[in-house]
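Engineer: Sequence and predicted structure are below.
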Amino acid sequence: MKHFTLTPVKTILKMALFFALTITLTNCSKDDDNPIPNPEVNPLAEYLTVTGFNQVTDEIIDSADYEFGITFIPAVNGKITAITAKIPDTHIATRVTIWNKTTATVIRTESIDIASAGVEVTKAISQLSLTAGTEYMITFNSNDWYNRERTDGTGITYPVSVGDISITGYAYAGGTAQVLPTAFNLDYYAGDLSFKFQKD
């Protein structure tokens, strides 16, 4: 009588299991190589809501020239991927500056075309890395802006936390020169200028 051996069956089963594991591990590896990127976040709308600066808005058109914007600190490492701007007029080649506030140095100058009054424009830029805990400032130079205040006209307390961004102040400087604004104000915000931040 012949004895039936299971060796060939075991070998086939082992090979099938090996191939199944290989395919599974390969697929997992591909997923890890292409993680879903973190979302881009624009802090401006929430900042205006939290501060109440969205309660009263006046359109300022063809006034004096100013360099103005917000100071901020990212809580995590990340990057600015785009800049945004909206004014109640049109202005081609509006200068936008991103500063290291601590050292008062320019780290990036961009230009954005605002071709339609009252319409927010977004411009993708070459990614600008930001370091957690470092204070930055983003400004633009314009004679047109939205002046935003609270209904009762009172000031706010900084910093204002908006997700991974802590907005530490609003400041301005008169004129068209590319200078770091040093006149800070607590009872209004003038803009609208912002950015899209993507954490690492």
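Structural biologist: The structure has been received and is ready for your questions.

Engineer: Show me what the strand or helix carrying residue 81 is packed up against.
Structural biologist: Per DSSP states H and E, residue 81 falls inside strand 78-85. Strand 78-85 sits against strand 91-100, strand 105-114, strand 121-130, strand 193-199, with contacts defined as 3 or more CB pairs under 8 Å, 6 or more residues apart in numbering; DSSP states H and E. Any C-beta I mention is one placed from the backbone N, CA and C, and that applies to glycine too.

Engineer: for residue 198, what are its contacts?
Structural biologist: Going by CB atoms under 8 Å, 6 or more residues apart in numbering, residue 198 touches 37, 38, 39, 40, 41, 78, 79, 81.

Engineer: Just among those, which is most surrounded?
Structural biologist: residue 78 (22 neighbours; other CB atoms under 10 Å).

Engineer: how close does it sit to residue 59?
Structural biologist: 33 Å (CB to CB, to the nearest Å).

Engineer: Wait, residue 163 touches residue 41, no?
Structural biologist: Yes - between residue 163 and residue 41 a contact is recorded at 5.6 Å, counting by CB atoms under 8 Å.

Engineer: does residue 190 have beta-bridge partners, and which?
Structural biologist: With DSSP bridges as the criterion, residue 190 is bridged to residue 147.

Engineer: does it really touch residue 60, like I thought?
Structural biologist: Yes - assessed by CB under 8 Å, residue 190 is found in contact with residue 60 at 7.5 Å.

Engineer: and the residue nearest to residue 156 when sequence neighbours are not counted, what does it touch?
Structural biologist: Nearest non-adjacent residue to residue 156, counting by CB to CB, 6 or more residues apart in numbering: residue 51, 4.8 Å away. The contact partners of residue 51, by CB under 8 Å, 6+ apart, come to 150, 156, 160, 189.

Engineer: what stretches of this protein score poorly on pLDDT?
Structural biologist: 1-33 (pLDDT under 70).

Engineer: Could you rerun that using 50?
Structural biologist: The chain contains residues with pLDDT under 50 at 1-4, 21, 23-25, 28-29, 31.

Engineer: related to what we said a few turns ago, name the residues contacting each of residue 190 and residue 60.
Structural biologist: 145, 146, 147.

Engineer: Much appreciated, bye for now.
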